[in-house]
Structures are given as C-alpha cells and as structure tokens.
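K.L.:
compute the structure for the input listed below.
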Amino acid sequence: MTAMTTLHDNAPQTSQMPRFVDGMVNIQELILTIAESAINEIMDA
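P.N.:
Residues are numbered from 1 along each chain as shown. Sure thing, here's the model as predicted:
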C-alpha cells in the first residue's frame, strides 16, 4: 500500500500535467511520466 501512496505523491499535479499548445492534456507523455515513476519506485524497492 505504501508504493501506491508514493506513486500517487509522485504523479504529476494538474498544473504540472504535460499539455499540448492548445491546452489539451498530452496523454502519451502523462503515461510515460507515470510509468517512469513506477519503474523508479520498483527499482528503489
């Protein structure tokens, strides 16, 4: 359960979400950022 809390804490906040020029959220970049955080947490464990 701790890892999920940590991942949630590392997830980008609304203001930090990757966005396109038109303001839409860049889902591909967001998923990449979350996956990178998850992998880093797994490697640290």
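K.L.:
avg pLDDT for the longest helix belonging to the chain?
P.N.:
If you go by DSSP state H, the chain has its longest helix at helix 27-44. The average of the pLDDT scores along helix 27-44 is 93.
K.L.:
just checking, what packs against that helix?
P.N.:
Packing contacts for helix 27-44, counted by 3 or more Cβ pairs under 8 Å, 6 or more residues apart in numbering; DSSP states H and E, involve helix 2-10. All C-beta atoms are positioned from the backbone trio N, CA, C, and that covers glycine.
K.L.:
quick one: mean pLDDT over the helix it packs on.
P.N.:
55.
K.L.:
contacts only, for the closest residue to Val25 other than its chain neighbours.
P.N.:
Nearest residue to Val25, sequence neighbours excluded (Cβ to Cβ, 6 or more residues apart in numbering): Met17, at 5.3 Å. Neighbour list for Met17: 25-26, 30 [criterion: Cβ atoms under 8 Å, 6 or more residues apart in numbering].
K.L.:
from the residues you listed, pick the one nearest Ser37.
P.N.:
For the contacts of Met17, the residue nearest Ser37 by Cβ to Cβ is Leu30; the value is 11.0 Å.
K.L.:
run a quick neighbour tally on the closest one.
P.N.:
Number of residues near Leu30 (other Cβ atoms under 10 Å) recorded here: 16.
K.L.:
just to check, it is in contact with Pro18?
P.N.:
Yes: counting by Cβ atoms under 8 Å, Leu30 does reach Pro18; the two are 5.8 Å apart.
K.L.:
having no further points to raise, I will conclude here.
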